[in-house]
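Enquirer: Have a look at this prediction, sequence included:
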Amino acid sequence: MFSRRYIVGILAASAASVFLSSAPVIADTAAYESVSEATWQPGTAIPAPKGPVILRITGKIAAASNGEVAFDMAGLESLGLVRYTTPTNWTERPTTFEGVLLSRVLEAIGADPSATTLTMVALNDYKAPVPLEDAHKWPVMLALKENGKYMSARDHGPIWVVYPQHMDADLGNYEMSARWVWQLGAIDVQ
Amino acid sequence: MLRQARIIWMVCFALLLVSTPLVIKDVSAIRDSIAIASSVDYWYESQLTRYLLNLKVALTDLRYEPTSERFDKARQLLDVAFSGVTNLPKEGGKQWHKDSITNMSQIAIVSQELNTIDNLLLQQQGGLASMAESALTHVDFALDKLHAMTMEIMYRRNERVGQTDRLMSGFKDKLVFYCIAVLAIIASLAYLMHAHIRSERSLQTAYNNVSELAERLRLAKDAAIEAGHAKSRFLANVSHELRTPLNAVIGFADMMIQGYVGALSGKQRDYVQDILSSAQRLLALIADILDLSKAEAGKFELREDVADFTKIVRQASHDIRAAAMQAGVKLSTGLSAEPIIMKADPLRLRQVVDNILSNAIKFTEAGGLVTLSLARIDSGDVRLKISDTGIGISEDDIPRVFMAFQQAESHLARRHVGTGLGLPMVKSLIELHGGKVTLDSRVGHGTTVTIDLPADRCLPTLYKKIA
C-alpha cells in the first residue's frame, strides 16, 4: 500500500516536472513593445544618410542604388523602434535593448524573396551567416541602445544583433549565440 | 546463501551511498575542466591580437603617410581594439569561467596601453607621424604582453587537459565499480526475491499440511472421546445388570450362613462363607466400576453439603484403626485444632480418605508407620497428607496408578488384593471437588499421597487465615 502510494507520488512529480519544463518561459507578456512609430512608409524611398553611415546592406535587394543601401542612425530609427528585455550570454542580468526589427529592415530594403542567408559583417571583421527565416521566426532586433544608451564602437556598438532569448532559452545556445553579432557594420543578402 | 545475498546487497548499497558524493564531485570537476579547456579564451585572445596587429599596420601606414583618412582608419581600429577588451566574457555570462582571461594581468596592461594610445591620438602632439611613432611602441608592448598571455593560456590548458584525462580515467574505474555494485545489488535482490517467493510457497504448503493434520487429529480425538464415552456407557450398563443377579447370590449365601436353610457342616459353612465374601467383593468391585464410569462419562453428581472435613478424617482413621492393628501398622494422625468446614460431598470425602488409608495400610509391612495430617496451607487450600513407610511405587508406575484397572497388570497384584479402581476413583472425586491429587513415592521407602482442596470450598465464616 505504502509502496504503491510512493510510486504514484514519483510518477506525479515527474509528470509535473515534465509539464513545467515544457511550458513556455514567458507566455503572457508580449514579445516586444513599440517605442516609436515608423516615419518611413512602405513603398517610399529610404531617407538618404546625412550623418555617418553605420550600416550598409548589399546583395539581392530591390532598393539598391550602386548595389548597396546605406543607413545612418536617423535612417534606421525612421523604420520604427521596438524594445524588449532579454537575458544574454554576455551579461549577468537581463538587458533592455532598443532597436529596429530585422524583418522591418528587410522589408524596407526589399530583400529578394529567393534570398536565404544574411551574412552579418562586424567592424572587427567577424562574420556570421544567419538564415533569413530567423527574422520571421522571432522578433530579431538590430539593437541600437543597451539599457537606454547608444552603444559605443568600443563595446557592442553601434549595432548588436539581438535574439529574443526571453521567449526561447534555446536562442542562447552555442549555435545561436554565434548569430548575436555585435559591432555590426554590414549585411550581405544572398 | 540467503544471508550472503543480504550481506552482499547491503554492502554494495552502503558502498554506493558512500561513494556517490565522491562521484558527484568528480563529475562536477570534470565538467569544470571541460568548460575551461574548451573555453573561448583562445578565440578572444587571438581576436585581440589580431585587432592590435591591424592597429599596428594602420599606425605604420600613418607614420609613412600622415593623412586624415589613415588617421580615421587608425581611430576606427583603436575602437575595435577597445571593444576586444571590453567585450571579454563577464562574470555571470555564459562564457565566463573562473579562470577566464578577463582577469589576467596582461589584459589590464593591454587596456592601459590602449588608453595611452587613445590619449596620443587625441592630443596629436608633434604631428601625426611622430604620434604614430610613439603609439607604435605601445602597441608593440601590448602585443608582447599578449604573447606572454598566449603562452600562459596554453600551459594552463595543457595542465587542465592532463587533469581532465586523469579524472576521466579514475572516473572510468569508478564507473566500472559502480556498474558491478549495481549489478550485484540487482542480482542479490533478485535472488532474495526468488528465495522469498520460494519460502512463501513452501510456507503455504507447510500450512496446508498442518491444517490437514490438525483436521485429522481433531477427527481422531473426537473418535477417541466417543469411544471412551461408549466404553463408559457400556461399563455402567453392564455393572448395573451384574448387580441384580449378585444380590440373589449374596442374599442366599447370607441366609445359608444364618442357618435359615438348615444346619451346615463345617466344610459347607466355609465354602458358603467363601461364596459370600467373594460375592461381596464382586459387588464392591461392580460399585466401583459403576462410580468410575459415571465419573468418566461426566454423569457423576456430587451431593454437596456442609461437611466437617476434620470430623470425617477423624472417624475414618478411627474406623480403620482395628485393621491397622491387625496388620501391625502404627497409625499417627495430626489434625488441625480448628475444624475445617467445607462445602463438599461428605460421603465421597469419606470414600477418598478410606481409600487412601486402606491403601497405605495394605502396602505397609508390619511394624511400619502411616502418618495422616490435615491442615490449611499458606495459600488457604486444605491439604490432606497421608504418608506410609510401605513398599512404595517405582517412578515409572506413578502415572499408571491413577489409570483405571492398572494395578491388575502390576507385579504387586498377586500379593495385594484390590480392584485397581481406588486411586482413579480418588482422583476423579477430588477433581470433581476442584482439587488435586499428587503422589510421591520411593520404592522401599514409602508413599505420600497429597490432596489439595481449593480454599474457596471452605466456608468463609469459619475460615481463619493463618498469617
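Expert: In hand now; what should we look at? Numbering: from 1, shown residues only, chains lettered A, B, ... in the order given.
Enquirer: What about the closest residue to chain B within chain A, how many residues nearby?
Expert: Residue of chain A nearest chain B, by CB to the nearest CB: A:E92 (2.8 Å). Placement of C-beta: from N, CA and C, glycine included. By other CB atoms under 10 Å in any protein chain shown, 12 other residues sit near A:E92.
Enquirer: Can you name the helix or strand that it falls in?
Expert: Assigned by DSSP states H and E, A:E92 belongs to neither a helix nor a strand.
Enquirer: how about the nearest residue to it once chain neighbours are set aside, what does it touch?
Expert: Closest residue to A:E92 apart from its sequence neighbours, by CB to CB, 6 or more residues apart in numbering or on different chains: B:G92 at 2.8 Å. By CB atoms under 8 Å, 6 or more residues apart in numbering or on different chains, the contact list for B:G92 reads A:91-93.
Enquirer: so can I have a markdown table of these showing distance to B:Q280 and pLDDT?
Expert: Formatted as a markdown table, the contacts of B:G92 follow (distance: CB to CB, whole Å; pLDDT from 0 to 100):
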| residue | distance to B:Q280 | pLDDT |
| --- | --- | --- |
| A:T91 | 130 | 83 |
| A:E92 | 126 | 82 |
| A:R93 | 126 | 84 |
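Enquirer: hmm, back to that, may I have the residues that are in contact with the residue of chain A closest to chain B?
Expert: Applying CB under 8 Å, 6+ apart, the residues near A:E92 are B:90-93.
Enquirer: so which two of those are the farthest from each other?
Expert: For these, the maximum inter-member distance is 7.2 Å, found between B:E91 and B:G93 (CB to CB).
Enquirer: Of the two, which one has the most company?
Expert: The neighbour comparison of B:E91 against B:G93 (other CB under 10 Å) goes to B:G93, with 16 against 11.
Enquirer: Confirm the more buried one sits in a strand?
Expert: No. Read with DSSP: H, G, I helix; E, B strand; the rest coil, B:G93 is coil and lies in no strand.
Enquirer: mean confidence for stretch B:385-393?
Expert: Across stretch B:385-393, the average pLDDT comes to 86.
Enquirer: Ok, stretch B:119-135 next?
Expert: Mean predicted confidence for stretch B:119-135 is 82.
Enquirer: again, but for stretch A:182-190
Expert: Averaging pLDDT along stretch A:182-190 gives 90.
Enquirer: do it and chain B meet at all?
Expert: Yes. For a cut-off given as CB under 8 Å from any CB of the partner chain, stretch A:182-190 has contacts with chain B, namely A:182-183.
Enquirer: Could you tell me which residues within that stretch count as buried?
Expert: Using 16 or more other CB atoms under 10 Å in any protein chain shown as the test for burial, stretch A:182-190 gives A:182-189.
Enquirer: do stretch B:77-86 as well
Expert: Here stretch B:77-86 shows B:77-85 as buried, counting by 16+ other CB under 10 Å.
Enquirer: now do stretch B:207-223
Expert: Judged by neighbour count using 16+ other CB under 10 Å, stretch B:207-223 contains no buried positions.
Enquirer: pLDDT for the contacts of A:E92 - can I get that in TSV?
Expert: TSV is the format used below for the contacts of A:E92 (pLDDT from 0 to 100):
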residue	pLDDT
B:K90	81
B:E91	80
B:G92	76
B:G93	76
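Enquirer: so what pLDDT did B:V210 get?
Expert: Looking at B:V210, its pLDDT is 94.
Enquirer: distance of it from chain A?
Expert: Per CB to the nearest CB, to the nearest Å, B:V210 is found 29 Å from chain A.
Enquirer: mind checking which helix or strand that residue is in?
Expert: Using DSSP H and E, B:V210 sits in helix B:127-258.
Enquirer: same for that helix, what does it pack against?
Expert: Secondary-structure packing of helix B:127-258 (3 or more CB pairs under 8 Å, 6 or more residues apart in numbering or on different chains; DSSP states H and E): helix B:2-37, helix B:41-64, helix B:105-123, helix B:266-296.
Enquirer: now B:T310, nearest residue through space, not along the chain?
Expert: Residue nearest to B:T310 in three dimensions, not counting chain neighbours: B:P339, with 4.3 Å by CB to CB, 6+ apart.
Enquirer: Give me the neighbour count for the one you found.
Expert: 14.
Enquirer: What is the three-state secondary structure of it?
Expert: Put simply, B:P339 is coil when judged by three-state DSSP.
Enquirer: okay, it: pLDDT?
Expert: 81.
Enquirer: from what I can see it touches B:D308, true?
Expert: Yes. Counting by CB atoms under 8 Å, B:P339 touches B:D308, with 5.4 Å between them.
Enquirer: Show me which residues of chain A sit near chain B.
Expert: Contacts of chain A with chain B, taken as CB under 8 Å from any CB, map to A:88-93, A:123-126, A:152-156, A:172, A:177, A:182-183.
Enquirer: where exactly do the strands run in chain A?
Expert: Using DSSP state E, the strands of chain A run over residues A:33-36, A:53-59, A:68-72, A:81-86, A:95-101, A:117-122, A:127-131, A:141-146, A:149-150, A:160-162, A:184-189.
Enquirer: where's B:K172 relative to chain A, distance?
Expert: Distance, B:K172 to chain A, by CB to the nearest CB: 27 Å.
Enquirer: Please tell me how far B:M325 sits from chain A.
Expert: Using CB to the nearest CB, B:M325 is found at 83 Å from chain A.
Enquirer: Make sure that residue is indeed in a strand.
Expert: No. Counting by three-state DSSP, B:M325 is not found in a strand; it is helix.
Enquirer: check contacts around it.
Expert: Taking CB under 8 Å, 6+ apart, one finds nothing in contact with B:M325.
Enquirer: picking up where we left off before, can the helices and strands packed on helix B:127-258 go into a markdown table with extra columns for mean neighbour count and distance to A:K60?
Expert: Below are the helices and strands packed on helix B:127-258 laid out as a markdown table (neighbours: other CB atoms under 10 Å in any protein chain shown; distance: least, CB to CB, whole Å):
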| stretch | mean neighbour count | distance to A:K60 |
| --- | --- | --- |
| helix B:2-37 | 14 | 40 |
| helix B:41-64 | 19 | 30 |
| helix B:105-123 | 17 | 39 |
| helix B:266-296 | 16 | 123 |
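Enquirer: TSV for the ones you listed, including distance to chain A?
Expert: Listed next are the helices and strands packed on helix B:127-258 as TSV, based on distance: least, CB to the nearest CB, whole Å:
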stretch	distance to chain A
helix B:2-37	12
helix B:41-64	6
helix B:105-123	9
helix B:266-296	54
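Enquirer: show me where pLDDT drops low in the stretch 1-150 of chain B?
Expert: Applying pLDDT under 70 to the stretch 1-150 of chain B flags residues B:1.
Enquirer: same question, chain A
Expert: Along chain A, segments meeting pLDDT under 70 span A:1-30, A:63-65.
Enquirer: Just want the phi and psi numbers for the most centrally placed residue in it.
Expert: With distances taken as CA atoms, centre = their mean, A:V140 lies nearest the centre of chain A, 2.3 Å away. A:V140 has phi and psi values of phi -70, psi 140 when expressed as degrees, to the nearest 10.
Enquirer: Let me see the contact set for the closest residue in space to it that isn't next to it in sequence.
Expert: Nearest-residue entry for A:V140: A:L102, 4.3 Å, with adjacent residues in sequence omitted and distances by CB to CB, 6+ apart. For A:L102, the contacting residues are A:118, A:134-135, A:140-142, A:161, by CB under 8 Å, 6+ apart.
Enquirer: let's see it at 6 Å
Expert: Counting by CB atoms under 6 Å, 6 or more residues apart in numbering or on different chains, A:L102 touches A:135, A:140, A:142.
Enquirer: From A:I187, how far out is the first one?
Expert: Distance, A:A135 to A:I187, by CB to CB, to the nearest Å: 11 Å.
Enquirer: again with A:G157
Expert: As judged by CB to CB, A:G157 and A:I187 stand 16 Å apart.
Enquirer: repeat for B:K427
Expert: B:K427 sits at a distance of 121 Å from A:I187 (criterion: CB to CB).
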